[in-house]
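**Student:** predicted model, plus sequence, below.
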Amino acid sequence: MKSKATVWQSLGLCALLAALPSVVAAQTASPTQPTINVPALYQQHCASCHGAQRLGGMGPALLPESLARLKKAEALKVTTEGRAATQMAGFAAQLKPEEIAALTDWIYTPVSPAPTWSATDITTSRVDAAGWRDWPAQPQWRADPMNLFVVVEAGDHHVSLLDGDKFEVIHRFASRFALHGGPKFTPDGRYVYFGSRDGWITKYDLYNLKVVTEVRAGINMRNIAVSGDGRYVMAANYLPHTLALFDADLKLLKTYDARSLDGKNTSRVSAVYDAAPRRSFVVALKDIPELWEISYDPKAPPIYDGFVHDYKMYEGMPKDGFLGVRRTALDEPLDDFFFSQNYAYALGASRPHADGSPSGQVVNLDVRRKIADLPIGGMPHLGSGITFDHGSRRVMASPNLKSGDVTVIDMQNWGLVGTIKTPGPGFFMRSHEATPYAWVDSMMSAQAKDTLTIIDKQTLKPVASVRTPGKTLAHIEFDKAGKHALASLWEMDGALIIYDAATFKEVKRLPMKKPVGKYNVHNKITRSEGTSH
């Protein structure tokens, strides 16, 4: 068993080296200059922290997939100057500018041959905190544990725990590099699971403010999901093309190859979400036109792939429905999706169509087929969509990454209810059962990224906006009662801004390092209609 110090030792260097651009194959600066042996430079200066094959170690993985959100200019700066408050020291005094540039270019190139991550690799990566089962079963701090916020600060790879009544930070701790997909909570709210781009899953005890367990599920991971009963955790990987299923203690139970039924094609896994009322995980595949459902109900019915004419003739041999893959064939792959409030439907979006036709589709999870197209053009961000009652009808609303339109769709006939204009394309839309308003950002707009638009859910019209001129204002989350809306300033010198949800007035501002997301325990475990699940 590895020590907890080893588990977290990587974080500073992780942040640094994940930001640290790496080594491109040997390259020549000019005909008159000697060849730069970039792999040798990497092995000498980087491999001890980031692994000989750039898969990570004390520091994060240095792969194109892991660095997708880090611009080369920023990586070059980190490699040259280092990063404050981490173990990443700059290389300006040790390497020439052209050597640093070559290293930076190299880490953005694929590793060849493509790295693998087996069940054995997963199992041997797991680390446990000693004696964690004996830790107190009550919060060791004074606040409402159901109104706790978990705030992910991407600027320096930390997490802050915020009292949702006093809006004061209870605790702050270092995280793995580039947490992604949102933290997931156990049903009682005691434990939270984080997933990182580097494939690490961290189980954290919110009552005792300590890491319980970590395991590396893959090399590049999209997100994780926790079952509604708290017994299972599933990880969706881009690299390798797999799903990994764990028990609540992050012990590996099973891996799934993300492969077509005929075995000919594999796929990155776009997303996995828990469908608690169905007792299943639902999985989208980025490169294969299928939607998977994997039931964790021991009494799940058997699975028949293809058509069954007569079971007595063994024309369709069943597979075990418990933890088996139930496939729904689609016309095109889904990049992301979210559920109707009753979990009978998955509403997904594909890559934008060149002709501008709708890329959204509605999949009935019971009959296992697409039943409608969603009248959404551009690039809808359905993963951040919300549902609410509009008059006597249930509707869904989604922002758009390409246009400043919020699309509102009737969830009975899947027809267009209306389009709400905002100052620019946005990424997140949020609301709460206790508020008549929905908030949407325009963070994808160069001109309006500093604006949040507030929409009346009955009139479907903007009623107000809040701004932080020159900054990026994004990602609303409400407190447990829906009385306050918390927004993020997405800068390194950013902040968490608390607004009164009725008057839209600023109540408090807490400085933070690029707080990319905040998540309320109560809203998440009760599956509030106004937030992501």
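**Tutor:** Yep, that arrived.
**Student:** if I look at the most centrally placed residue in the chain, what pLDDT would I see?
**Tutor:** The residue lying closest to the centre of the chain (Cα atoms, centre = their mean) is Gly181, at 1.1 Å. At Gly181, the model reports a pLDDT of 85.
**Student:** relative to Ala235, how far out is it?
**Tutor:** To Ala235, Gly181 is 9 Å away according to Cβ to Cβ, to the nearest Å. The way it works is simple: take the backbone N, C-alpha and C, and place the C-beta from them, glycine included.
**Student:** what sits in contact with each of the two?
**Tutor:** Counting by Cβ atoms under 8 Å, 6 or more residues apart in numbering, the common neighbours of Gly181 and Ala235 are Gly195, Met221, Asn223, Ile224.
**Student:** what's the closest of these to Asp121?
**Tutor:** For those, the residue nearest Asp121 by Cβ to Cβ is Met221; the value is 13.5 Å.
**Student:** what is the neighbour count of that closest one?
**Tutor:** Using other Cβ atoms under 10 Å, Met221 has 28 other residues around it.
**Student:** likewise for Thr124?
**Tutor:** 11.
**Student:** three-state assignment of it?
**Tutor:** Taking DSSP: H, G, I helix; E, B strand; the rest coil as the rule, one finds Thr124 in the helix state.
**Student:** below-threshold pLDDT in the protein: ranges please.
**Tutor:** Residues of the chain meeting the criterion pLDDT under 70: 1-34, 48, 57-58, 65, 68-69, 83-87, 306-316, 356, 358.
**Student:** mind jotting down where the helices sit in it?
**Tutor:** Taking DSSP state H as the test, the helices found in the chain are 4-19, 38-45, 47-50, 72-81, 97-106, 119-125, 521-525.
**Student:** packing partners of the shortest one?
**Tutor:** So the one you mean is helix 47-50. Judged by 3 or more Cβ pairs under 8 Å, 6 or more residues apart in numbering; DSSP states H and E, helix 47-50 is in contact with helix 4-19.
**Student:** quick check: end-to-end length of stretch 513-522?
**Tutor:** Its first and final residues considered, stretch 513-522 spans 24 Å by Cα to Cα, to the nearest Å.
**Student:** how far does it sit from the chain's center?
**Tutor:** Stretch 513-522 has its C-alpha centroid displaced from the chain centroid by 12 Å (Cα atoms, centre = their mean, to the nearest Å).
**Student:** what lies in contact with it?
**Tutor:** Under the contact criterion Cβ under 8 Å, 6+ apart, stretch 513-522 has outside partners 145-156, 158, 160, 162, 164, 182-183, 185, 189, 206, 475, 477-480, 486, 488-496, 528, 531.
**Student:** repeat that with 6 Å
**Tutor:** 146, 148-156, 183, 185, 189, 475, 477, 480, 486, 488, 490, 492, 494, 496 (Cβ atoms under 6 Å, 6 or more residues apart in numbering).
**Student:** that older thread, derive a PyMOL selection command for the buried subset of the shared contacts of Gly181 and Ala235.
**Tutor:** Remark: buried members of the shared contacts of Gly181 and Ala235, expressed as a PyMOL selection using 16 or more other Cβ atoms under 10 Å:
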select buried, resi 195+221+223+224
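**Student:** including distance to Val212, could the shared contacts of Gly181 and Ala235 go into CSV?
**Tutor:** What follows is the shared contacts of Gly181 and Ala235, written out as CSV (distance: Cβ to Cβ, whole Å):
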residue, distance to Val212
Gly195, 15
Met221, 19
Asn223, 20
Ile224, 15
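**Student:** which residues of the stretch 51-200 of the chain fall in strands?
**Tutor:** With DSSP state E, counting those that start in this stretch as the criterion, the stretch 51-200 of the chain has strands at 127-128, 148-153, 158-163, 168-174, 184-185, 191-195, 200-205.
**Student:** ignore what I typed, I meant the stretch 201-350 of the chain.
**Tutor:** Under DSSP E, counting those that start in this stretch, the stretch 201-350 of the chain gives strands at 210-216, 220-226, 232-239, 242-247, 252-257, 269-275, 280-285, 290-295, 325-329, 336-339, 345-349.
**Student:** looking at those strands, which is nearest to Ile122?
**Tutor:** Of all the strands of the stretch 201-350 of the chain, it is strand 252-257 that lies closest to Ile122, at 5.1 Å by Cβ to Cβ.
**Student:** dig out what Glu214 forms beta bridges with.
**Tutor:** Counting by DSSP bridges, Glu214 is bridged to Val127, Thr202.
**Student:** neighbours of it, how many?
**Tutor:** Quick note: Glu214 (other Cβ under 10 Å) scores 24 neighbours.
**Student:** wait, isn't it in contact with Val127?
**Tutor:** Yes. Taking contacts as Cβ atoms under 6 Å, Glu214 lies within contact range of Val127: 5.2 Å.
**Student:** the residue lying closest to Ala464 once chain neighbours are set aside pairs with what?
**Tutor:** For Ala464, ignoring the flanking residues on the chain, the nearest one in space by Cβ to Cβ, 6 or more residues apart in numbering is Ile454 at 4.5 Å. Counting by DSSP bridges, Ile454 is bridged to Trp439, Ala464.
**Student:** quick one: residues contacting Ile454.
**Tutor:** Ile454 touches Tyr437, Trp439, Val463, Ala464, counting by Cβ under 6 Å, 6+ apart.
**Student:** what does Asn364 give?
**Tutor:** Tyr345, Ile371.
**Student:** let me know the closest of the contacts of Ile454 to Lys254.
**Tutor:** Of all the contacts of Ile454, Trp439 has the smallest distance to Lys254: 39.7 Å, by Cβ to Cβ.
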